[in-house]
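Novice: Give me a model of this one.
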Amino acid sequence: MTSRFQRAGRTLSLLGPLRWLRLSGDRHPLYGYQQVSFLGWRFEEPDAEKLRIVERAVRTTPTREEWVIDTSRRNWVLVPTRLLGEGENPVASPGFDERVSLAMRDQDFCVRALLDLDAILDTLRGLVAPGEGPEDGPARHGGASSP
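Specialist: Residues are numbered from 1 along each chain as shown. Got it, this is the predicted structure:
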């Protein structure tokens, strides 16, 4: 488990207990290239207020890429719009894995998305735990620690 995965889990857990979490975006463990960043999770009890807070964090965070939250399935996904497909369920549409694979060839995009995701998590933490202040995460120090 990476520190970024743990930080994402701790931050989302401030909204409520999690049943499931998946984070993509760290370096490939064997080959060292940056992977495409996206975050998927499932709350034990999802509700409109939790979604509203996450949407606010995404909307108010200055990012290099455009991001969207897909809640059309039981697992919610925060993903750069570049990875979306067509149709009613753009994240789960055919070709998602292919779009991720193609995007991974653009390492500049992968680094930008990683920095964005770190910043979104920092904003979210500030919204749900304002008394604690932002966590000492990479985005607070001008970038990711190891993109």
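
Novice: Can you tell me the number of residues neighbouring G25?
Specialist: For G25, the neighbour count with other C-beta atoms under 10 Å is 24. Where C-beta positions appear, they are placed from N, C-alpha and C, glycine not excepted.

Novice: List the residues that contact it.
Specialist: G25 is in contact with 4, 34-39, 110, 113-114, 117, counting by C-beta atoms under 8 Å, 6 or more residues apart in numbering.

Novice: Among those, which ones are in helices?
Specialist: Judged by DSSP state H, those include 4, 110, 113-114, 117 as members of helices.

Novice: Emit the ChimeraX select command for whichever of the contacts of G25 are buried.
Specialist: Buried members of those, defined by 16 or more other C-beta atoms under 10 Å, are picked up in ChimeraX with:
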select :4,34,35,36,37,38,39,110,113,114,117
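
Novice: re earlier: tell me the least confident of the ones in helices among the contacts of G25?
Specialist: Least confident of the ones in helices among the contacts of G25 in the model: R4, at 92.

Novice: dump the residue contacts of the residue nearest the centre of the chain.
Specialist: The chain has L39 as the residue nearest its centroid, 3.7 Å off, counting by C-alpha atoms, centre = their mean. By C-beta under 8 Å, 6+ apart, the contact set of L39 is 8, 21-25, 77-79, 117.

Novice: if we go to 7 Å?
Specialist: 8, 23, 78, 117 (C-beta atoms under 7 Å, 6 or more residues apart in numbering).

Novice: From one end of stretch 67-78 to the other, what's the distance?
Specialist: This stretch, stretch 67-78, spans 7 Å end to end (C-alpha to C-alpha, to the nearest Å).

Novice: List the buried residues for that stretch?
Specialist: Quick answer for stretch 67-78 (16+ other C-beta under 10 Å): 67, 69-70, 75-78.

Novice: mind checking how far that stretch is from the chain centre?
Specialist: 10 Å (C-alpha atoms, centre = their mean, to the nearest Å).

Novice: Helix or strand with the lowest mean pLDDT in this protein?
Specialist: Least confident helix or strand, the chain: helix 96-104 with a mean of 90, by mean pLDDT, DSSP states H and E.
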